[in-house]
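Engineer: here are the coordinates; sequence isn't available:
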């Protein structure tokens, strides 16, 4: 059985320069994916590229679910620990995003959410909900210089907003209809999203 030196020599002689470069790239990428730090960075970058290839995916009008009155009473807490209910945002569009700092697709889409919040935060309620410790989230927010409001779940989400993965994002109309239900990362600062907000605010 050939030893490592022989295998390397055979590889060198049997592969073209382009094939060697491809092999080296593959093995380096594989190594980076095994190491936790680079793996998260690569996953975030891949999600950031992919999310720009998707549209908002509006729920067809005949399949839009409207929140029950009881669901509006779902309780959240602000960073300062102030309790509030979803009903406080009734009457305006609500972008409700479930996320975490350790989640690559969540991290990938947050810059677009920050930009969208800067443009539409006066007219659209942005509720970014997490289960993480406030100290962890605060450090993350400061590191990335984010200013969108963070909320903490104090109870399970109502049935209409139940989710099994993050990020999961819902866009609610002022009347509480689920206009968008999106699993995975999306560019929330696109022209398509701007148009949806404009239509909801008419």
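Structural biologist: The structure has been received and is ready for your questions. Please read these numbers as outputs of a predicted model, since none were measured by experiment.
Engineer: got a list of what the residue lying closest to residue 87 once chain neighbours are set aside touches?
Structural biologist: Distances taken as Cβ to Cβ, 6 or more residues apart in numbering place residue 72 nearest to residue 87, at 4.0 Å, with adjacent residues excluded. In short, each C-beta sits where N, CA and C put it, glycine included. By Cβ atoms under 8 Å, 6 or more residues apart in numbering, the residues touching residue 72 are 85-87, 90, 176.
Engineer: Three-state assignment for residue 72, please.
Structural biologist: The three-state assignment at residue 72 reads helix, by DSSP: H, G, I helix; E, B strand; the rest coil.
Engineer: same check on residue 100?
Structural biologist: coil.
Engineer: start the count at 152, not 1, going forward
Structural biologist: In the new count, where the first residue is 152, that last one comes out as residue 251.
Engineer: what about it, how many neighbours?
Structural biologist: Using other Cβ atoms under 10 Å, residue 251 is surrounded by 16 other residues.
Engineer: cool, residue 265 as well?
Structural biologist: 20.
Engineer: in a helix, it, correct?
Structural biologist: Yes. Counting by three-state DSSP, residue 265 is part of a helix.
Engineer: my guess is it meets residue 300, correct?
Structural biologist: No. Residue 265 lies out of contact with residue 300 (Cβ atoms under 8 Å); the separation is 11.0 Å.
Engineer: on that earlier part again, pLDDT at the residue nearest to residue 238, what is it?
Structural biologist: Per-residue confidence (pLDDT) for residue 223: 97.
Engineer: where's the most centrally placed residue in the chain, which helix or strand?
Structural biologist: Closest to where the C-alpha atoms of the chain average out (Cα atoms, centre = their mean) is residue 257, at 3.1 Å. Here residue 257 sits within helix 255-271, counting by DSSP states H and E.
Engineer: what's near enough to touch residue 343?
Structural biologist: Residues near residue 343 by Cβ under 8 Å, 6+ apart: 206-207.
Engineer: quick one, grab the pLDDT at it.
Structural biologist: Model confidence at residue 343, expressed as pLDDT, equals 92.
Engineer: and it, which of the three is it?
Structural biologist: Secondary structure state of residue 343, per three-state DSSP, is helix.
Engineer: tell me how far it lies from residue 298.
Structural biologist: 24 Å (Cβ to Cβ, to the nearest Å).
Engineer: same deal with residue 350?
Structural biologist: Note on residue 350: its distance to residue 298, by Cβ to Cβ, is 26 Å.
Engineer: residue contacts, the residue nearest to the centre of the chain?
Structural biologist: Counting by Cβ under 8 Å, 6+ apart, residue 257 touches 250-251, 317-318, 336.
Engineer: out of those residues, flag the one nearest to residue 206.
Structural biologist: Ranked by distance to residue 206 (Cβ to Cβ), the contacts of residue 257 are led by residue 336 at 13.2 Å.
Engineer: would you confirm that that closest one contacts residue 319?
Structural biologist: No. Assessed by Cβ under 8 Å, residue 336 is found out of contact with residue 319, at 10.8 Å.
Engineer: more crowded one of the two?
Structural biologist: Using other Cβ under 10 Å, the more surrounded residue of residue 336 and residue 319 is residue 336, with 26 against 20.
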